[in-house]
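Novice: give me a model of this one.
(2 chains)
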Amino acid sequence: KQEVTQIPAALSVPEGENLVLNCSFTDSAIYNLQWFRQDPGKGLTSLLLIQSSQREQTSGRLNASLDKSSGRSTLYIAASQPGDSATYLCAVNYGQNFVFGPGTRLSVLP
Amino acid sequence: DTEVTQTPKHLVMGMTNKKSLKCEQHMGHRAMYWYKQKAKKPPELMFVYSYEKLSINESVPSRFSPECPNSSLLNLHLHALQPEDSALYLCASSRTGSNTQYFGPGTRLTVL
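Specialist: Now for the predicted structure:
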């Protein structure tokens, strides 16, 4: 069964800290993995997409890595800001079957 | 422009009503998706259309009926829903099935 988990479930940090969010998946036969953020009651905003052949993707203060063989991806957020507060979801693409993790709820305190 | 639009934003319906949700994108994407998201849960895939053909149906009850009239438009027809079907319904699109998905803001559905 294709399962995706994320740890921690929730995280609260002071502004300015660097932080790491983790995503694990049981089936390593993936097409790609995508990180999203979701604000309460809103749709999902795409942050980064990593293809199965890639190891890393960067966008601004965000860096995502992928280790397909171990079934892991991490999202690194540098110099966190209160505006980064949201739920972060990873989604694994198994060929048009997208499986989401439960998300990490992040609070960045001013 | 990476916008996916969804209408209506909110919908309240009785169990005997028939209603439709609409999703539109003008990015030339050829894959479109419907997801259901319950409160504090991740989205769950319901349907995938690829090149206007239904390619994945994740064992969704027949009271949900998708339709893809053209490459820009995706509908979800609702009939005889149950209160447990109340959720946020999200539409997404991607250039193909292996590309970045872009999500709309969702329709908040309440079934009374």
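Novice: beta partners for A:Leu19?
Specialist: The partner list for A:Leu19 in beta bridges (DSSP bridges) reads A:Ile77.
Novice: again with B:Glu44
Specialist: B:Lys36.
Novice: for the chain, name the helix or strand with the lowest mean pLDDT.
Specialist: All of this refers to chain A. For chain A, scoring each helix and strand by mean pLDDT, DSSP states H and E identifies strand A:98-100 as the least confident one, at a mean of 91.
Novice: that's the other chain; I wanted chain B
Specialist: strand B:53-57 (a mean of 84).
Novice: if we can go back for a sec, ok, and what's touching the least confident helix or strand of chain A?
Specialist: When contacts are defined by Cβ atoms under 8 Å, 6 or more residues apart in numbering or on different chains, strand A:98-100 is touched by residues A:2-4, A:25, A:89-92, B:33, B:42-45, B:101. Placement of C-beta: from N, CA and C, glycine included.
Novice: top of these by neighbour count?
Specialist: Most neighbours among the contacts of strand A:98-100, by other Cβ atoms under 10 Å in any protein chain shown: A:Cys90, with 30 neighbours.
Novice: give the contact list for that one.
Specialist: Neighbours of A:Cys90 in contact, by Cβ under 8 Å, 6+ apart: A:4, A:6, A:23, A:33-36, A:73, A:75, A:100-101.
Novice: spell out which residues of chain B are next to chain A.
Specialist: Residues of chain B lying near chain A by Cβ under 8 Å from any Cβ of the partner chain: B:4, B:6, B:31, B:33, B:41-45, B:48, B:50, B:55-56, B:58, B:88, B:90, B:92, B:97-106, B:108.
Novice: selecting buried members of those in ChimeraX, what would you type?
Specialist: ChimeraX command restricting the residues of chain B next to chain A to the buried ones, with burial defined by 16 or more other Cβ atoms under 10 Å in any protein chain shown:
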select /B:4,6,31,33,42,43,44,45,48,50,56,88,90,92,97,99,100,101,102,103,104,105,106,108
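Novice: B:Met46 versus B:Leu112, what's the distance?
Specialist: Between B:Leu112 and B:Met46 the computed distance is 21 Å (Cβ to Cβ, to the nearest Å).
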